[in-house]
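Visitor: model this:
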Amino acid sequence: MTGQRKSIKIFGCVNIVNAKFIYKRDAVFNAETYLEFLEQVARKYYRKKKKKIFYIQDNASYHKDEIVWEWFSDHRKYIEVYNLPPYSPELNAAEPLWKHTRKVGTHNRYFDNENEIMDTLTKVFKGIQKNPKHIEGYIKPFR
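Guide: Residues are numbered from 1 along each chain as shown. Take a look at the predicted model:
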């Protein structure tokens, strides 16, 4: 956008078995907003399917927050967390999705306002959710 440098905060994760993608927009990245996203993941994958979740996360500072680890401890019967080594985005299955999003949605494009950017992101993400085959090639190395 002209004269501005804005960012949109999006939490996201991908199921490497079936290429299903979950995302959540938020105003900030912090422990509280991350916990809201984790609850969304738990509702989607555990409460519906009753299968244990093996969750892999990178080393964002809010991932290491005490309240986040308390949440994982309280919910360990249905979600088991693993941390990636520091500085290893090549091991994060969600990273290729962000690359795909930039490639097909935002790369080399001008946006008049934040709503235009969010509309484009939503279109890309809904496309991924409706047709997981679009991203299977990206996550194949993580299976």
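
Visitor: neighbouring contacts of the top helix by length along the chain?
Guide: In the chain, taking DSSP state H as the definition, the longest helix is helix 114-130. Residues outside helix 114-130 that contact it (Cβ atoms under 8 Å, 6 or more residues apart in numbering): 1, 6, 8, 10, 12, 19-21, 23, 25, 97, 100-101, 104-106, 109, 111, 134-135. Every C-beta, even on glycine, is put in place using the N, C-alpha and C of the backbone.

Visitor: try 7 Å this time
Guide: The contact list for helix 114-130 (Cβ atoms under 7 Å, 6 or more residues apart in numbering) reads K6, I8, I10, F21, Y23, T101, V104, G105, T106, F111, H134, I135.

Visitor: What is the subsequent helix or strand relative to the lowest-mean-pLDDT helix or strand in the chain?
Guide: Between all helices and strands in the chain, the lowest mean by mean pLDDT, DSSP states H and E belongs to helix 48-49, at a mean of 68. Proceeding N to C from helix 48-49, the next assigned helix or strand is strand 53-57, under DSSP states H and E.
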